[in-house]
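1. Fold the following.
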Amino acid sequence: MEVGYDLRFEAQAREYSFRFTCEHCAHFDERTGRCVHGFPDAPHRSARYEGPDKPRAILFCKDFDLA
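-> This next block holds a predicted model:
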C-alpha cells in the first residue's frame, strides 16, 4: 500500500512517533539487517526517508508488525 509522503506527513510522524520502516518491525532481524521472511526490504528501510531525496510516497510492507 502506498501513502503520500510530504512535509506535513513527516511532521505528524515525528509528533506521534509513527513507525513504519523495517527497523521497527517485529520481523526484522537486527543481526542480519534483513527481513526474517526474506522479503525485499530496500523500499521499506529508514534510510529511504532520510536525506534530501525523499520519496513522494511511503510503500508499506503488507506484513509489518510493530515490534
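2. Let's see the pLDDT reported for the residue lying closest to residue 46 once chain neighbours are set aside.
-> Closest residue in space to residue 46, ignoring its immediate chain neighbours: residue 21 at 4.4 Å, by CB to CB, 6 or more residues apart in numbering. Placement of C-beta: from N, CA and C, glycine included. The per-residue pLDDT reported for residue 21 equals 94.
3. Equivalent analysis for the one 5 residues further on, please.
-> Among the per-residue scores, residue 26 holds a pLDDT of 96.
4. Next: residue 3.
-> At residue 3, the model reports a pLDDT of 87.
5. Confirm it sits in a strand?
-> Yes - under DSSP: H, G, I helix; E, B strand; the rest coil, residue 3 sits within a strand.
6. That one and residue 57 touch, don't they?
-> Yes - here residue 3 reaches residue 57: they are 6.3 Å apart, a contact under CB atoms under 8 Å.
7. For these two, indicate the residue with more neighbours.
-> Between residue 3 and residue 57, counted using other CB atoms under 10 Å, residue 57 has the larger neighbour count: 13 against 10.
8. Spit out the contact partners of the residue most central in space within the chain.
-> With distances taken as CA atoms, centre = their mean, the residue of the chain nearest its centroid is residue 21 (2.1 Å). When contacts are counted by CB atoms under 8 Å, 6 or more residues apart in numbering, residue 21 touches 44, 45, 46, 48, 49.
9. can I get the residues you listed in a markdown table with pLDDT and secondary structure?
-> Formatted as a markdown table, the contacts of residue 21 follow (pLDDT from 0 to 100; DSSP: H, G, I helix; E, B strand; the rest coil):
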| residue | pLDDT | secondary structure |
| --- | --- | --- |
| 44 | 91 | helix |
| 45 | 93 | coil |
| 46 | 92 | helix |
| 48 | 90 | helix |
| 49 | 88 | helix |
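10. Can I get the buried part of the residues you listed as one PyMOL selection?
-> This is the PyMOL syntax for the buried subset of these, where burial follows 16 or more other CB atoms under 10 Å:
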select buried, resi 44+48
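11. and which of the contacts of residue 21 is nearest residue 12?
-> Nearest to residue 12, judged by CB to CB, of the contacts of residue 21 is residue 49 at 13.4 Å.
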